[in-house]
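J.: Dropping the sequence and predicted coords here.
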Amino acid sequence: MTQPPHDEPTASGPEELREQVEHTRQELGETVQALAAKTDVKARAKEKAAEVRQQAAEVKDQAAVKAAEVKDQAAVKAAEVKSQAAVKAAEVKEQAAAKAAQAGRLLQEKAPEPVLQT
């Protein structure tokens, strides 16, 4: 007696043999469908294009969120810099006024009388 081609045991009767044949037919049908799907280049290309479109939409959404975050951060930083510049400008103005007053006092103290009258 020969051994069966697979690891499956031989059928013990005609009904079991019919079930094995039906099972094998189903497996073969599924295999053929899977191979046909793999060889359907047009369908696979459409699926891949849909995946890429979905990924592009997700990246676009993420970029929009990130852009909004960066815009908000830039606005906050700009406000901070503006405030710091105003404080520094006031300090410089105050220092300039103090230097001008000091220069005026020195002029009054050190300049000869005829220079002051002109």
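T.: Everything's here; your move.

J.: what ranges do the helices span in this structure?
T.: In the chain, the helices defined using DSSP state H lie at 14-39, 41-110, 113-117.

J.: now the ones you listed as JSON lines including mean neighbour count and mean pLDDT?
T.: Just so you know, the C-beta spots here come from the backbone N, C-alpha and C atoms, and that holds for glycine as well. Below are those laid out as JSON lines (neighbours: other CB atoms under 10 Å; pLDDT from 0 to 100):
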{"stretch": "helix 14-39", "mean neighbour count": "11", "mean pLDDT": "91"}
{"stretch": "helix 41-110", "mean neighbour count": "10", "mean pLDDT": "95"}
{"stretch": "helix 113-117", "mean neighbour count": "8", "mean pLDDT": "71"}
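
J.: distance of Glu47 from Ala37?
T.: Distance of Glu47 to Ala37, given as CB to CB, to the nearest Å: 10 Å.

J.: One more: Glu16?
T.: Applying CB to CB, the value for Glu16 to Ala37 is 32 Å.

J.: Counting neighbours, what do you get for Ala11?
T.: By other CB atoms under 10 Å, the residues close to Ala11 number 14.

J.: Can you read off the backbone torsions of it?
T.: Backbone torsions of Ala11, given as degrees, to the nearest 10, read phi -70, psi 140.

J.: got the contact list for it?
T.: With contacts defined as CB atoms under 8 Å, 6 or more residues apart in numbering, the neighbours of Ala11 are 17, 19-20.

J.: One more pass at 7 Å, please.
T.: The neighbours of Ala11, taking CB atoms under 7 Å, 6 or more residues apart in numbering as the test, are 17, 20.

J.: how much space between it and Gly29?
T.: Going from Ala11 to Gly29 by CB to CB gives 20 Å.

J.: Could you export stretch 89-98 as CSV, CA atoms only?
T.: What follows is stretch 89-98 as a C-alpha-only set of coordinates in CSV (Å, rounded to 0.1, in the frame of the first residue of the first chain):
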residue,chain,number,x,y,z
ALA,A,89,15.1,101.0,25.6
ALA,A,90,13.8,102.6,28.8
GLU,A,91,17.0,101.7,30.6
VAL,A,92,19.1,103.2,27.7
LYS,A,93,17.0,106.3,27.6
GLU,A,94,17.4,106.7,31.4
GLN,A,95,21.1,106.2,31.2
ALA,A,96,21.4,108.7,28.3
ALA,A,97,19.4,111.3,30.3
ALA,A,98,21.7,110.7,33.3
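
J.: Perfect, I'm done here.
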